[in-house]
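Participant: Predicted structure and sequence below. I'll ask about it afterward.
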Amino acid sequence: MNLHQNIIGQLNFRVIARALTVVENDLDGSSELLKTLKLDKICPVIGITGPPGAGKSTLVNGIIDILLRGGKKIAVLAIDPTSPFNFGSLLGDRIRMASHFNHPDVFIRSLATRGSLGGLSAKIIEMTDVLRASGFDYVLIETVGVGQSEIEITGLADITLVVLVPEAGDEIQHIKSGLMEIADAFIINKADREGADVFANNLKKIIGHSVDEQPPIFKTIASKNQGLGDIAAFIQHTNLKQNNRRKLLLTEKVYKLIQQKMMTGIDKKKLQLDITEALESGNFNLYSFVDTYV
Ligand SMILES: Nc1nc2c(ncn2[C@@H]2O[C@H](COP(=O)(O)OP(=O)(O)O)[C@@H](O)[C@H]2O)c(=O)[nH]1
Ligand SMILES: [Mg+2]
């Protein structure tokens, strides 16, 4: 499949969308497609995570506006596993990102699937790679911060932005230290609400104790496009450092893929027949039997 841009420099969104579908559903041609991806162009992956309703989609929408300047091309993967069929969230995200829905340089894909561990979609690494290889300048991944997905997103993203709202103030003591470690920056959105400053100060104190280098804290009112310039600048100017979590994530992934590969060709029906045969011949030993299979 040809993922390259057309003669007038626009990306072919239909081809990209199709490639994502093939990869997401493991359709014919998926593994060939993945093997031919060219990932030599630098394309930062930005993870935006936080609780439902914190304003992630609104923020993404506003940040895109700024990142687009200068002819940049942007892909967004919006993942909301909180509702199973997720029509609401899909429509919601589309409406919220509506200003970009027909923009020739913005590609948006919503995903409702949940990964096996309750985290991100099972094919999120592959889908991100398709986008990274498609000629975008940035890939933004919006995920609801629930459990495992937080860890996965930091393995996947070059920059992880954690979005919180002032109301989280009372719970801030309980916010697990994991969250502190994954954030390259915090965004306190809905700063138009009471308690934003107090919350920011508390957050600063708490982070201060737990990490060597204090990540920046941005205060924003996404619904009014306030404070977004600083975040865009942060994204544009952060040196993409060595991401150690990526190695962990990739190790897990490679392990799973090897496991899958080793299991291909093992057919349960045939297995049962072989076992029946072995049992009939008497003297069946489970462990030697397994050895004949590997
Ligand atoms: N008051 C206020 N509301 C906001 C702000 N940013 C977003 N919202 C609203 O919060 C709601 C949830 O926003 P959304 O972007 O969908 O949150 P998400 O679930 O984290 O993606 C929407 O109604 C937004 O209009 C903000 O800065 N202040
Ligand atoms: Mg959203």
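Facilitator: Happy to help now that I have it. Ligands and ions are numbered 1, 2, ... in the order given.
Participant: In the stretch 151-294 of the chain, which residue sits nearest ligand 2?
Facilitator: Going by C-beta to the ion, ligand 2 is nearest to Val163 of the stretch 151-294 of the chain, at 9.9 Å. Every residue, glycine included, has its C-beta placed from N, CA and C.
Participant: again but with the chain, I slipped
Facilitator: Ser57 (3.4 Å).
Participant: Following the lowest-mean-pLDDT helix or strand in the chain in sequence, what is the next regular element?
Facilitator: Ranked by mean pLDDT, DSSP states H and E, the helix or strand of the chain with the weakest confidence is helix 87-96, at a mean of 51. Following helix 87-96 in sequence order, the next helix or strand is strand 106-111 (DSSP states H and E).
Participant: helices and strands around the next helix or strand after that next one, which ones?
Facilitator: Next along the chain after strand 106-111, taking DSSP H and E as the criterion, comes helix 124-132. Judged by 3 or more C-beta pairs under 8 Å, 6 or more residues apart in numbering; DSSP states H and E, helix 124-132 is in contact with helix 13-24, helix 30-35, strand 74-79, strand 106-111, strand 138-144, helix 148-156, helix 244-263.
Participant: On the three-state scheme, Gly47 is what?
Facilitator: Here Gly47 takes the strand state, with states given by DSSP: H, G, I helix; E, B strand; the rest coil.
Participant: what bridges to it?
Facilitator: Beta bridges link Gly47 to Ile141, Thr160 when assigned by DSSP bridges.
Participant: I'd assumed Thr154 was in contact with it.
Facilitator: Yes - taking C-beta atoms under 8 Å as the definition, Gly47 is a contact partner of Thr154 at 6.8 Å.
Participant: any residues in contact with both of the two?
Facilitator: Residues touching both Gly47 and Thr154 (C-beta atoms under 8 Å, 6 or more residues apart in numbering): Thr160.
Participant: who has more neighbours, these two?
Facilitator: Gly47 (29 against 25; other C-beta atoms under 10 Å).
Participant: Contact partners for the more buried one?
Facilitator: Counting by C-beta under 8 Å, 6+ apart, Gly47 touches Ile141, Thr143, Ile153, Thr154, Leu156, Ala157, Ile159, Thr160, Leu161.
Participant: Need the pLDDT of the fourth one.
Facilitator: Spelled out, that is Thr154. On pLDDT, Thr154 comes in at 78.
Participant: residues in contact with it?
Facilitator: The contact partners of Thr154, by C-beta under 8 Å, 6+ apart, come to Gly47, Thr160, Ile182, Asn243, Arg245.
Participant: Roughly how far does the closest residue to it other than its chain neighbours sit from ligand 1?
Facilitator: Distance criterion C-beta to C-beta, 6 or more residues apart in numbering; nearest residue to Thr154, sequence neighbours excluded, is Ile182 at 4.3 Å. With distances taken as C-beta to the nearest ligand atom, to the nearest Å, Ile182 is found 17 Å from ligand 1.
Participant: Just to be sure, Asn239 is in a helix?
Facilitator: No - counting by three-state DSSP, Asn239 falls outside a helix, being coil.
Participant: Put the alpha carbons of stretch 240-249 into PDB.
Facilitator: Taking C-alpha atoms only, stretch 240-249 is exported to PDB below (Å, rounded to 0.1, in the frame of the first residue of the first chain):
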ATOM      1  CA  LEU A 240      13.100  13.900  22.400                       C
ATOM      2  CA  LYS A 241      15.100  12.100  24.900                       C
ATOM      3  CA  GLN A 242      15.800   8.400  25.200                       C
ATOM      4  CA  ASN A 243      12.600   6.900  26.300                       C
ATOM      5  CA  ASN A 244      13.400   4.000  28.600                       C
ATOM      6  CA  ARG A 245       9.800   3.000  29.000                       C
ATOM      7  CA  ARG A 246       9.600   2.300  25.300                       C
ATOM      8  CA  LYS A 247      12.100  -0.600  25.800                       C
ATOM      9  CA  LEU A 248       9.800  -2.100  28.400                       C
ATOM     10  CA  LEU A 249       6.700  -1.700  26.200                       C
END
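Participant: Run a quick neighbour tally on Ile64.
Facilitator: Ile64 sits with 23 neighbouring residues when counted by other C-beta under 10 Å.
Participant: same check, this time on Gly71
Facilitator: Neighbour count for Gly71, taken as other C-beta under 10 Å: 8.
Participant: Let me know the secondary structure of it.
Facilitator: Secondary structure for Gly71, judged by three-state DSSP, is coil.
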